[in-house]
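Engineer: I would like the atomic coordinates for the input below:
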Amino acid sequence: MTRRFALIPAAGVGSRAGTPIPKQYLPIAGVPMIVRTIAAFAAVPAIESITVVVAEDDERFDALAIDPSILDRVRVVRVGGATRDTTVSNGLSALAGTVDADDWILVHDAARCGITPSLIESLIERIGDDEVGGLLAIPLDDTVKRGDGSVPSIAATSTGTVSAAPTPTPTASDGSAR
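Structural biologist: You can find the predicted model right below:
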């Protein structure tokens, strides 16, 4: 039987955000983004466990106020790398022995706290036991412009044909598409 696990990369330093602390620890309405992300996955009964991948020298995670009722489902591993790809790869390696070949791992960045339990459940329902998986596709209501870098925009794209593909991204337990 296929099981689902969450893998949350959280080893970034916030260099692109230009913030004094890593972006995932910044609060939104008083709650750090990483806490909101963990809570969203914890609210989905189909998620077996949540593995959060932080940097080896991370000093902030242990001080977070995570709901004690979900702590038994949350595991932190200090194997984050210099890039997101390395962090995800190291996180997948940390899950070895925990996941089976037919399990899905939903990879979702800690700083993307707009994810909701209903979006996660929708993704799980839609991919089911599919061999390849899938991704969330949220139709865009906004005008989308295309450009080539030399001018602000070249053409508008019909929003009826464009969707955003936010994470989580379902990944096979060996890190590859099936």
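
Engineer: what's the neighbour count on Val77?
Structural biologist: 18 (other C-beta atoms under 10 Å). Placement of C-beta: from N, CA and C, glycine included.

Engineer: Val52 is in contact with that one, correct?
Structural biologist: Yes - counting by C-beta atoms under 8 Å, Val77 touches Val52, with 7.4 Å between them.

Engineer: any idea how far the residue nearest the centre of the chain lies from Val132?
Structural biologist: What sits nearest the mean C-alpha location of the chain, by C-alpha atoms, centre = their mean, is His108, with 0.6 Å. From His108 across to Val132, the span is 19 Å (C-beta to C-beta, to the nearest Å).

Engineer: then Gly12?
Structural biologist: From Gly12 across to Val132, the span is 28 Å (C-beta to C-beta).

Engineer: now do Thr116
Structural biologist: Counting by C-beta to C-beta, the gap from Thr116 to Val132 is 24 Å.

Engineer: out of the two, which sits in the more crowded spot?
Structural biologist: For Thr116 versus Val132, the count of surrounding residues by other C-beta under 10 Å is larger for Thr116: 13 against 9.

Engineer: mind checking how far Gly81 is from Pro27?
Structural biologist: 26 Å.
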